[in-house]
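Enquirer: pasting the sequence and the predicted coordinates here, then a few questions.
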Amino acid sequence: MKLATWNVNSLKVRLPHVLQWLADNPVDVLCLQETKMTDDLFPLAAIEAAGYQAVFSGQKTYNGVAILSKLPLTDVVKNNPRYDDLQQRILAATVDGVRVVCAYVPNGQAVDSDKYAYKLGWLEALRVWLAEEALTHAELVVAGDYNIAPEDRDVHDPLAWAGQVLVSERERAALSGLLGIGLRDAFRLFEQAEKSFSWWDYRQLGFRLNKGLRIDHILLSGPLAARCSACVIDRAPRKWEQPSDHAPVVATIGARPA
DNA sequence: ATGGCTCGTGTAACGAGA
């Protein structure tokens, strides 16, 4: 099974990119974040024409998540049942026995802001819920835009970013908390090139100068991590016309042992 | 030190993202 996550920064603008990317990379499951549209506007027909089923949970202007899959999506859950949230940031579904959670973690804006406190509370509630999910789903994937660079090697200029939102200690501790329930960062299961990032600022030639952060992650439960044979960031669509500021992350997971 | 770019909204700037 190939599984990917991609923050598209508006599915209305990026639908052609998603369709092109799926044509080039026919993954089994694609988690999308920042669709930025209500469900009545979701481009289901175009996605189905590309050979994918889809579930989605959106809202006007901000946030919004979706899961695309070649195989049926069952047991769909919108939002974290342990957290009352007006923002549409979580979507879960089961595909071929694998529990897939698509997450768009709050940005946090600045460490002294209300949004930062919301981010930390949201992440703690996510940890509590995922710990429960892990008990009933041995094969659990949590893929999405975490808005956290786990380590300094995931930051183009750690000194400039030190202490700021996306890299602060409390955010990193919250991400470690998710690993503490038995999840692994698929990207770090393998040797990777230095300065591997998944997001680059639109401004200041961020992509061309590789001034980026690795903030989009695929976390895998133990049985899936054991079968994961690769995890890569696909920079190609970041070079296309009118790109998202994020690149897709793709994990390859082998078949269950007989 | 600040803003730099792109999105949605709505049709002009502005909030938000990261």
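Expert: Arrived safely, thanks for sending. Residues are numbered from 1 along each chain as shown, chains lettered A, B, ... in the order given.
Enquirer: who in the stretch 51-200 of chain A is up against DNA strand B?
Expert: Contact residues (Cβ under 7 Å from any atom of the strand) of the stretch 51-200 of chain A with DNA strand B: A:60-62, A:106-107, A:109-110, A:115, A:145, A:147, A:165-166, A:199. Every residue, glycine included, has its C-beta placed from N, CA and C.
Enquirer: how about stretch A:139-155: buried residues?
Expert: Going by neighbour count (16 or more other Cβ atoms under 10 Å), the buried part of stretch A:139-155 is A:139-150, A:154-155.
Enquirer: ok, and the closest non-adjacent residue to the most centrally placed residue in chain A?
Expert: Note on chain A: the residue nearest the mean C-alpha position is residue A:144, at 1.0 Å, using Cα atoms, centre = their mean. Excluding the flanking residues, the one nearest residue A:144 by Cβ to Cβ, 6 or more residues apart in numbering is residue A:103, at 3.6 Å.
Enquirer: that neighbour bridge partners, please.
Expert: Note on residue A:103: beta-bridge partners by DSSP bridges are residue A:90, residue A:144.
Enquirer: I'd say it and residue A:145 touch.
Expert: Yes. Shown here, residue A:103 and residue A:145 form a contact pair, counting by Cβ atoms under 8 Å, at 7.5 Å.
Enquirer: overlap in contacts of the two?
Expert: residue A:33 (Cβ atoms under 8 Å, 6 or more residues apart in numbering).
Enquirer: before we move on, back to that, most neighbours, which of the residues of the stretch 51-200 of chain A next to DNA strand B?
Expert: Sorting those by how many neighbours each has (other Cβ atoms under 10 Å) puts residue A:145 first, at 29 neighbours.
Enquirer: for that residue, what are its contacts?
Expert: Contacts of residue A:145 (Cβ under 8 Å, 6+ apart): A:5, A:7, A:33, A:34, A:103, A:104, A:105, A:215, A:216, A:246.
Enquirer: what about burial for those, which qualify?
Expert: Using 16+ other Cβ under 10 Å, the buried ones in these are A:5, A:7, A:33, A:34, A:103, A:104, A:105, A:215, A:216, A:246.
Enquirer: and the closest residue to residue A:187 other than its chain neighbours, how close does it get to residue A:243?
Expert: Leaving aside its sequence neighbours, residue A:187 sits nearest to residue A:231 (Cβ to Cβ, 6+ apart; 4.7 Å). Relative to residue A:243, residue A:231 is positioned 21 Å away (Cβ to Cβ, to the nearest Å).
Enquirer: done for today, thanks.
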